[in-house]
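Participant: kindly return the folded structure for what I paste below:
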Amino acid sequence: MKPPGRRRIKYALLVLFVISILSLAAFSAFLYVYLDKTSSQADFEEFISEMNARNGTAIFVDTTSAPLTGKDAMKSCAALIAKQIADDNKSATVYAIESIGCTRQMFSDPDNSLKQISRSDCADALVGAKVSIVMNYSDNVEKPNFSIIYKNRADIAGDYSFYNFCQLKEIFG
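Facilitator: A predicted model of the protein is given here:
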C-alpha cells in the first residue's frame, strides 16, 4: 500500500502537465492566427511603415489582361508612384509585364531609361523584391491586399478610371 501523499503529488503533477499542454496549444493557436493575419492581411499603415523602412520599392504592372487604354493608364500611374518614391531619395523600379515580354525602368537612375528584359527575369525580380507593389487590371476596383511578414507586398487591382485618376501616387509617395 502506497502512502496517500504520493498519490496527491502524482495527480498534481498530472494536472500541471495538462494545464501546460493546454496553455502551449492556446499560445500556438494565437501565434498562428496573428502571423496568418499579418502575412496576408496587414493593414495599410503596417505596409507603409515597412515600405518606408526600406531603401527601394519595385512596382510590377501586369498588363496582360488589360485593354490598350488600361495598359497606358497603369504604366502612367506606376511611373507617377515611382517618381514620388524616387523624390524621397529611395530607389524605385517599374516592371511592366506584357504578353510579349517585360520592361524595366529604374527611376533612381538619372536617365530613367527603359530596358527590355525577359519575363523570367521579371518573375525573379518579383520574388527577390524587398518591397513590391503589384498592380493588376480588373473590370472592378478591388480591395487592396497588404502583406508584411513573409513578403512586403501590396496587391492592387482596378479599372481604367482607377489607374487614370491614380490616387495611388499620393498614398505611396
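Participant: what are the boundaries of the strands in the chain?
Facilitator: 56-62, 91-98, 101-106, 114-117, 131-137, 145-147, 152-158 (DSSP state E).
Participant: any idea which of those strands scores lowest on pLDDT?
Facilitator: Mean pLDDT is lowest for strand 145-147 out of these, coming in at a mean of 87.
Participant: what separation do you get for Glu50 and Gln84?
Facilitator: If you measure Glu50 against Gln84 using CB to CB, to the nearest Å, the figure is 17 Å. Yep, even glycine has a C-beta here, placed from its N, CA and C like the rest.
Participant: er, Tyr163 actually
Facilitator: Distance from Tyr163 to Gln84, counting by CB to CB: 15 Å.
Participant: neighbour-wise, which of the two wins?
Facilitator: In terms of neighbours (other CB atoms under 10 Å), Tyr163 is the more surrounded of Tyr163 and Gln84; the figures are 28 against 18.
Participant: phi, psi of Pro67?
Facilitator: phi -70, psi 170 (degrees, to the nearest 10).
Participant: mind pulling up the pLDDT for the closest residue to it other than its chain neighbours?
Facilitator: Using CB to CB, 6 or more residues apart in numbering and skipping the chain neighbours, the partner closest in space to Pro67 is Tyr160 (7.4 Å). The pLDDT attached to Tyr160 in the predicted structure is 94.
Participant: mind listing what Tyr160 touches?
Facilitator: Residues in contact with Tyr160 (CB atoms under 8 Å, 6 or more residues apart in numbering) are 67, 69-70, 73.
Participant: repeat that with 6 Å
Facilitator: Neighbour list for Tyr160: 69-70, 73 [criterion: CB atoms under 6 Å, 6 or more residues apart in numbering].
Participant: so what's the residue minimising distance to the centre of the chain bridging to?
Facilitator: Relative to the mean C-alpha position of the chain, the nearest C-alpha, by CA atoms, centre = their mean, is the one of Arg153, at 1.3 Å. Beta-bridge pairing of Arg153 under DSSP bridges involves Ser132, Ser147.
Participant: how many residues are close by Thr93?
Facilitator: Here the neighbour count serves as a burial measure; for Thr93 (other CB under 10 Å) it reads 21.
Participant: return the distance of it relative to Ala125.
Facilitator: Taking CB to CB as the measure, Thr93 and Ala125 are separated by 8 Å.
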